[in-house]
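**Student:** Generate a structure from the sequence data that follows.
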Amino acid sequence: MSVTQKEIDGVWKEADCLWSEQQVERAIDTVAHQVEERLEKSNPIMLSVMKGGLVFTSKLMMRLRFPMELDYIHVTRYGFGLTGNELQWKVTPRESIVDRTVLIVDDILDEGQTLAAIISACEQQGAKEVLSAVLVDKKHDRKADPTFTADFTALSVEDRFVFGYGMDYKGYLRNAAGIYAVKDC
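**Tutor:** Now for the predicted structure:
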C-alpha cells in the first residue's frame, strides 16, 4: 500500500486530539504504580508487542523500580491497513517464559483477538502467570469476547481510528506526542 506525504500531512493536520501528552504521561504513571504493586516481587519478564507497544513499554518500564527482564514479540493483524485481518506471528519470545510471570505490553485493545492469542500462546508455553497492560482500550461492542479486558489499562478512547504513542496510521505517526483520532474515521 502506497502512502503519500500529502495523505499523512492531511491526516495529521485534521486529527482530533483525544489525550494530550501530559494526560498520557499521567495515565502511564498510574499504570506503573499498579504494575509495581502487583509485580515487584515476581521477577517478571515484560514482553513488548511490536511495533505499537514499543513506546508504551519504554515509558512504562522506566517507571518501574524492580528487577525484570525485557523481551519482545511481533504479532500483527493490521499490517498497514485500517482493519484487522488474520493473525500473523513474526517473532516469538527469545527468552524462556516457563514458570515465569509474563507482562504483555501493547498499545491498544481493540477487538481483543491479538492480545487473547498472545496470552493463550504464553500459557501454552508454560508461563506461571500472564498479565497484560495496554495504553488504550477502545470502547465499542465488537470485542471478540465482551468480558475480556487487560489487567492494566492507562486510557480509553471512543471507537475511532487512533494514532500516536506507538499507534500508527498506515505505518506513520507513531511518534505523535498525544493520542489522536483520524478525522471522520
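
**Student:** Please count neighbours and contacts with C-alpha atoms only from this point.
**Tutor:** Will do.

**Student:** Would you map the helices across this structure?
**Tutor:** Using DSSP state H, the helices of the chain run over 5-14, 21-39, 53-61, 113-124.

**Student:** Pick the most deeply packed of those.
**Tutor:** Of all these, helix 53-61 carries the top mean neighbour count, a mean of 21, counting by mean count of other CA atoms under 10 Å.

**Student:** which other residues reach it?
**Tutor:** With CA atoms under 8 Å, 6 or more residues apart in numbering as the test, helix 53-61 has contacts from 28-29, 31-32, 48, 105-107, 134-135, 165-167.

**Student:** re earlier: could you dump the helices of the chain to JSON lines with mean pLDDT?
**Tutor:** Below are the helices of the chain laid out as JSON lines (pLDDT from 0 to 100):
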{"stretch": "helix 5-14", "mean pLDDT": "95"}
{"stretch": "helix 21-39", "mean pLDDT": "98"}
{"stretch": "helix 53-61", "mean pLDDT": "97"}
{"stretch": "helix 113-124", "mean pLDDT": "90"}
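
**Student:** is G164 in a bridge, and if so with what?
**Tutor:** M167 (DSSP bridges).

**Student:** Surely it and N175 touch.
**Tutor:** Yes - counting by CA atoms under 8 Å, G164 does reach N175; the two are 5.7 Å apart.

**Student:** Compare the two (neighbour count), which wins?
**Tutor:** A direct count of neighbours by other CA atoms under 10 Å for G164 and N175 places G164 higher, at 23 against 14.

**Student:** Mean pLDDT per helix and strand in this protein: which one sits at the bottom?
**Tutor:** strand 88-91 (a mean of 78; mean pLDDT, DSSP states H and E).

**Student:** And it, what does it pack against?
**Tutor:** Judged by 3 or more CA pairs under 8 Å, 6 or more residues apart in numbering; DSSP states H and E, strand 88-91 is in contact with strand 69-76.

**Student:** Check which residues of the strand it packs on are buried.
**Tutor:** Buried positions in strand 69-76, judged by neighbour count with 16 or more other CA atoms under 10 Å: L70, Y72, I73, H74, V75, T76.

**Student:** Pick out whichever of these sits closest to K139.
**Tutor:** Distance to K139 across the buried residues of strand 69-76 (CA to CA) is lowest for T76, with 20.1 Å.
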